[in-house]
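Visitor: pasted the sequence and its predicted model underneath.
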Amino acid sequence: MTEKGYINMLLSEYTTNRDNNFNLLRFMAAFVVLVTHSFSLVSGNILDEPLRTTLGMSLGDIAVDLFFVTSGFLITSSYLNRGNLIAFVWARVLRIYPGLIVAMIFCVFVVGIWATNLSISEYLLDSQTYKYFFKNIFLFFGVEHHLPGVFEALPYAKAVNGSLWTLPYEVRMYAILAFILTVITVLRKKRTWITFQNVLLFVGIFSLVVLFVDHFYPLRETSNFLPKFIRLFSAFFVGAMFYVWRDHIRLTYKWFFIFVGLLLISTVDKDIYFIAYYLTLAYLIFFLAYVPNGFIRKFNAFGDYSYGMYIYAFPVQQSLIYMYPNISVLSMITVSFIITLILSIFSWYLVEKKFLKMKNNYLFIEKIFKKLKIG
């Protein structure tokens, strides 16, 4: 297992059990998003986020990339281990939607009613209120950021829950992955060279190439959809690629420190850093997820609060600014973290965990599909 004192195990050897640091990494990423948003929400300027001007990406961008790399890895594992499309979709629905729906009820019928400058009847009769609610709990057609009369005078005006923008991309990645893996499953019966490893290796490398090309020769468009899609698609499918090639990837301290050193050196130039960052990110994430052990593994006993942290932090922070317009960044970070953590704990134990226990109850859906097919 060791070589010159360094741990020298294949990634696949670590994935044989669920004892890892993913919960901790995702929690830290959600906290980093809260921190980086504190700067821009207090000032109203996204350029105030740490690292935004020096490296061309904020701490929040790095945190979101971590979410998508780990998601690509773990979701690919989930699909291939289940081998059942309906079970896969059901598990994804239970992970995303119950917590999200409760969070949207909180945003619309608690925060919205409290913070709107309209009367309660005007607010509740406004179609925008329900557009916000239903669009945000469906996700496939993007998200809505504005509730009528809510947070209109804040530095970062009108945005009720800006963090939600990543969720439609996440759901789309699930759908694309399910489509690709289903097609591979069908085609590999006739073409032996069509395998999960070969196809996802191509998709992962191709997505990185497209990401780098777009960075240096960006397409001109009226929205930021395509650059965001390219970036998150690449992060997600590099994660997926790492999973199917886990039998060929060794996690060693030597390569971890080489990649860290490369990243530090590359900070002298934004473009060089961009390339080094995306070439090393996945390896660094999976090293941190699996190799460090001992005391930090006790974090898993607390539950998975990262999703709740992510979907509640933004409206909590905007509410604090609404109440205390002159709040400092440090106070924002401290107070919003405490409140958001409490909400995320409630979300995990009262909503998310309860619904996740139902992830194996997908047989009734299969029966419905069979009846529809017969009919």
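Guide: Noted; the coordinates are in hand. This one's a predicted model, so the numbers in the text were calculated from it and none came from an experiment.

Visitor: in the helix or strand where Asn23 lies, what counts as buried?
Guide: Asn23 is part of helix 22-43, with elements assigned from DSSP states H and E. Buried residues in helix 22-43, counted by 16 or more other C-beta atoms under 10 Å: 22-42. In short, each C-beta sits where N, CA and C put it, glycine included.

Visitor: so what pLDDT did Glu366 get?
Guide: Glu366 is assigned 62 on the pLDDT scale.

Visitor: with Tyr362 instead?
Guide: Model confidence at Tyr362, given as pLDDT, is 69.

Visitor: mind listing the strands for the chain?
Guide: 2-3, 6-7, 9-10, 250-251 (DSSP state E).

Visitor: so where's the stretch 101-250 of the chain uncertain?
Guide: 220-223 (pLDDT under 70).

Visitor: quick one, helices of it?
Guide: Assigned by DSSP state H, counting those that start in this stretch, the stretch 101-250 of the chain shows helices spanning 113-115, 120-125, 127-138, 166-187, 196-216, 225-244.

Visitor: and the angle from the third one to helix 166-187?
Guide: Relative orientation of helix 127-138 with respect to helix 166-187: 40 degrees, computed using axes from the mean of the first three to the mean of the last three C-alpha atoms, to 10 degrees.

Visitor: any idea how far the closest residue to Phe216 other than its chain neighbours is from Ile265?
Guide: Leaving out its chain neighbours, the residue that sits closest to Phe216 by C-beta to C-beta, 6 or more residues apart in numbering is Asp271, at 7.3 Å. For Asp271, the distance to Ile265 equals 14 Å [C-beta to C-beta, to the nearest Å].

Visitor: now swap in Leu226 and tell me
Guide: Relative to Ile265, Leu226 is positioned 31 Å away (C-beta to C-beta).

Visitor: looking at this structure, which helix is longest?
Guide: Identified as the longest helix of the chain according to DSSP state H is helix 59-82.

Visitor: buried ones in it?
Guide: Residues of helix 59-82 classed as buried by neighbour count (16+ other C-beta under 10 Å): 59-79, 82.

Visitor: so for stretch 203-213, what gets flagged as buried?
Guide: Neighbour-count burial for stretch 203-213 [16+ other C-beta under 10 Å]: 203-204, 207-208, 211-212.

Visitor: hang on, I meant stretch 154-162
Guide: Across stretch 154-162, burial judged by 16+ other C-beta under 10 Å covers 154, 156, 158-162.

Visitor: likewise for stretch 250-266?
Guide: Buried residues in stretch 250-266, counted by 16+ other C-beta under 10 Å: 250-252, 255-256, 259, 263, 266.

Visitor: would you confirm that Ile62 contacts Val32?
Guide: Yes. The pair Ile62 / Val32 is scored as a contact, 7.2 Å apart, by C-beta atoms under 8 Å.

Visitor: pick out whichever of the buried residues of stretch 154-162 sits closest to Thr116.
Guide: For these, the residue nearest Thr116 by C-beta to C-beta is Val160; the value is 10.3 Å.

Visitor: ok, now which ones touch the closest residue to that closest one other than its chain neighbours?
Guide: Distances taken as C-beta to C-beta, 6+ apart put Leu147 closest to Val160, at 5.1 Å, once the chain neighbours are dropped. Applying C-beta atoms under 8 Å, 6 or more residues apart in numbering to Leu147 gives the contacts 107-108, 112, 116, 123, 128-129, 132, 160.

Visitor: now Leu147: how far from Asn117?
Guide: Leu147 sits 11 Å away from Asn117, going by C-beta to C-beta.

Visitor: likewise Gln317?
Guide: Separation of Gln317 from Asn117 (C-beta to C-beta): 19 Å.

Visitor: compare those two (neighbour count), which wins?
Guide: A count of neighbours by other C-beta atoms under 10 Å puts Gln317 above the other of Gln317 and Asn117, at 29 against 12.
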